[in-house]
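S.K.: here is a sequence with its predicted model. Questions after.
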Amino acid sequence: MEGTKKNKRVVVIGAGVGGIATAARLAKAGLQVSLYEKNDYYGGKCSNIVHNGFRFDRGPSIMLMPEIFEETFQHLGSSMSLEEMQLLKCEPNCKVWFEDGKSFATSTDIAHMKREIEKIEGPSGFVHYIEYLKECQQHYQQSVIHVLKKDFPGFSSLLRPAFLPYLFQLHPFQTVWQRVSRFFRSHQLRQVLSLGSMYLGMSPFEVPGTYTLLQYAELVGGVWYPVGGFYQVVEKLVQVGTRLGVTYHLSQPVEKVTVSRGKALGVSLGSNGFVEADAVVINADLIYAFKKLLPPGPSTSDVLCRGKNMSCSSISFYWSLSKTFPQLETHNMFVEGSFGQRSTHVYMKRQSPIKFSFYIHVPSRVDPTAVPAGKDAVIVLVLVENLGDADPCHERFDESNLVSYAREHVISSIEKRTGAIGFNKLIEHESVNTPSTWQESFNSEKGGIFGLDHSFFNILSFRPKIKHDSVDGVYFVGASTHPGAGVPTCLAGARLTAERVLKDLEVSIPWETSNVQKRHDCSRSFAPGLFSQSLWKWVLFFISVSMVIRLALAGNP
C-alpha cells in the first residue's frame, strides 16, 4: 500500500494558505506532492511586506478561531507549540472610534463589556448582550460542526438529517444587522456588534445572519496575533510540508491544466515542460482558473457568472512611523455615523466617494519585533468597490485619485478622533496595495480580496464545489470555494479538499480513525436510503422555493 501511495502524484497550483495546507495534508497521507507558485514568495495575500526593519502583514491580521489552526498542525503530526509559534492575545480586541468623538473597546472581559454596554443601552443592555452571545454561540458551534467540517457537493446536502434541524436556527434568511437589531436599540452598539461582517468584505445588511458567529469568535474566543507576524502561520506550514515531502516551486507559474477525455493528466509549465499528476488541486483565484487554466466546459459559464458576485477590493496602506503613536490600539475600527442610516455600504464607490469606515492594525503595539525600537508600523484597510464595478466615465475618481482621497480621509479622521495632530508628519515610508495591484499580483478577479461574496446564494450548496463538475481529477481550495473566505475557513477547506482527493484516490485519511470515517461515509449515503429520487427532488424544490420567498420578504427591521 505504501508503495502504491508513493506512486500517486498530486500537483497543487498556488501557495496561498489553502494550497499550502492541502499540500501538507496530502503529503501526510503518503502522496507525492508538488506545489507551483507564480510569485517568489509563499502565502499569497497572507504574505508580508518588509522594509527597513518594519514588517507588515499584507492581508489578514486578525487571528480568530485558533483551535482550527491548532487542529491543522495536529493533523499533520505537529502542533503550534512544537513549531515554536507563540500567540499573543490582543486586549482590547478592537477599539471602535465613532465620528462624534466617542469610542467603544470590545473585549473578552465580560465585566468590561458590561460597563461599556450599559453606558449606551442602560441596565437592560447587558442582559440582551448575554442573549445575543447565546445566539452567536449557536451560530458558531453548529457552523463549525455542520459547515466548516462538511462538504456540500450538491443541494441534497442541505437536507442532511444532522444539519437540517439547525438550518433555520442559523438564520441564513436574515441579515447580521437584523439579528443584532433584535437585541439592541442603540445605533452605535448595533454598529459595534455587526462589524465582523467587514472581515468578509460585506455589509451587515447583506451577509446572512449566520455570520454573527464571527462576533462570537472574537468576543468569547478572543483576538490573537502570532509573534513574528501572521506570515508565521504560512512559514510553519511550509516547514511541516517540507518535512512531509512536499516539493515547492516558487516563481513557476502554471500555464494550464492538461485535460484529455474529461480527465486531468497534469499541468503544463509552458516552456518548462509538463508535470504528470493523478490529481490537480487549484488554489489560484477561482475565476482566473476557469478563464485561464481550465478548458471550457459545462460548468465554466456557471462559475464565470458567479464572478459577477465578486467581493469588494481594498486600498491598503502600509506606513512606517518615525515614532510610536500610542493613541491607536492593536486593532482599530473607524466608523462613520452614516453607516447603517443613510448608507448601508462598507466599501467606497469611486463614482461618488463619501466618508467611509476603515480598519487600522498596529502590529507593533503587541509585537515589538515588527519595528525598529521606538517606532510603529501602521496598516490601514479601506474597502473599495472592485474593478468590475467601476464606471470608466468617472475619470475624476480614477485609482490614483481614489488613493489620494482615501489617504486624506484616513489621516484627518485619525487626527480628529484621537485628538493627536501631526500624524501625517510621522509617516516616513508608505507602500500601497490597490484593486489593480491585488489583481496583478494574485490574479484576483476584479481585484476582489475575499473571492466570491458570501450572500446566501453563494454559500453552502450554492458555492462552487471543491471538485470540478466535468473534469475528473481537478479540485479547488480557497476563498471562492466551500466553505469560504478567511484564513481559518480556508484551513478548514483544505481539510475537506484533501479528504475528497484521498477518497477518490482510494487512500486512507491519516487524521481520522476508522470509526470517524465510517460515520462520515454514512452521512453521505443518507439521501438515497430515505427517499426515492423523485420524492427527493420535490422536497428539495419546495425547500428552495421557501428559501427564495423568505429572502424576498426579509426586510430591515
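M.R.: On my side now, so go ahead.

S.K.: point out where this protein drops to low pLDDT.
M.R.: For the chain, applying pLDDT under 70 flags the ranges 1-6, 301-302, 305-307, 342-343, 352-353, 389-397, 513-557.

S.K.: which residues sit in contact with the residue nearest to the spatial centre of the chain?
M.R.: Geometric centre of the chain, nearest residue: residue 486, 1.7 Å, by C-alpha atoms, centre = their mean. Shown in contact with residue 486 (C-beta atoms under 8 Å, 6 or more residues apart in numbering): 60, 64, 199, 200, 479. Where C-beta positions appear, they are placed from N, C-alpha and C, glycine not excepted.

S.K.: wait, a helix at the third one?
M.R.: Yes. The assignment for residue 199 is a helix, going by DSSP: H, G, I helix; E, B strand; the rest coil.

S.K.: any idea how far it lies from residue 150?
M.R.: Counting by C-beta to C-beta, to the nearest Å, the separation of residue 199 from residue 150 is 22 Å.

S.K.: so how far is residue 461 from the residue nearest to the centre of the chain?
M.R.: For residue 486 relative to residue 461 (C-beta to C-beta), the value is 19 Å.

S.K.: returning to that earlier point: so which of the contacts of residue 486 is the closest to residue 191?
M.R.: residue 199 (14.8 Å; C-beta to C-beta).

S.K.: check contacts around the closest one.
M.R.: With contacts defined as C-beta under 8 Å, 6+ apart, residue 199 is in contact with 62, 214, 486.

S.K.: just to be sure, the second one is in a strand?
M.R.: Looking back up the chat, that one is residue 214. No. Residue 214 sits outside any strand when classified using three-state DSSP, being helix.

S.K.: just give me the neighbour total for it.
M.R.: Residues near residue 214, counting by other C-beta atoms under 10 Å, number 26.

S.K.: ok, and the closest non-adjacent residue to it?
M.R.: Closest residue to residue 214 apart from its sequence neighbours, by C-beta to C-beta, 6 or more residues apart in numbering: residue 196 at 3.5 Å.

S.K.: the one you found contacts residue 218, doesn't it?
M.R.: Yes. With contact defined as C-beta atoms under 8 Å, residue 196 reaches residue 218; the gap is 6.4 Å.

S.K.: and the helices in the stretch 401-550 of the chain, which stretches?
M.R.: Assigned by DSSP state H, counting those that start in this stretch, the helices in the stretch 401-550 of the chain fall at 423-426, 435-442, 487-504, 514-524, 526-530, 533-553.

S.K.: which positions within the first one qualify as buried?
M.R.: When burial is assessed from 16 or more other C-beta atoms under 10 Å, helix 423-426 yields the following buried residues: 423, 426.

S.K.: could you export that helix as CSV, CA atoms only?
M.R.: The C-alpha trace of helix 423-426 is given here as CSV (Å, rounded to 0.1, in the frame of the first residue of the first chain):
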residue,chain,number,x,y,z
PHE,A,423,0.1,62.1,12.4
ASN,A,424,0.9,62.8,8.7
LYS,A,425,4.4,64.1,9.7
LEU,A,426,5.2,60.7,11.3
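
S.K.: give the contact list for the residue nearest to residue 371 when sequence neighbours are not counted.
M.R.: Nearest in space to residue 371, with sequence neighbours left out and distances taken as C-beta to C-beta, 6+ apart, is residue 364 at 4.3 Å. By C-beta under 8 Å, 6+ apart, the residues touching residue 364 are 324, 370, 371, 375, 376, 377.

S.K.: measure the closest residue to residue 420 other than its chain neighbours to residue 422 for me?
M.R.: With sequence-adjacent residues excluded and distances taken as C-beta to C-beta, 6+ apart, residue 420 is closest to residue 327, at 5.1 Å. Counting by C-beta to C-beta, the gap from residue 327 to residue 422 is 12 Å.
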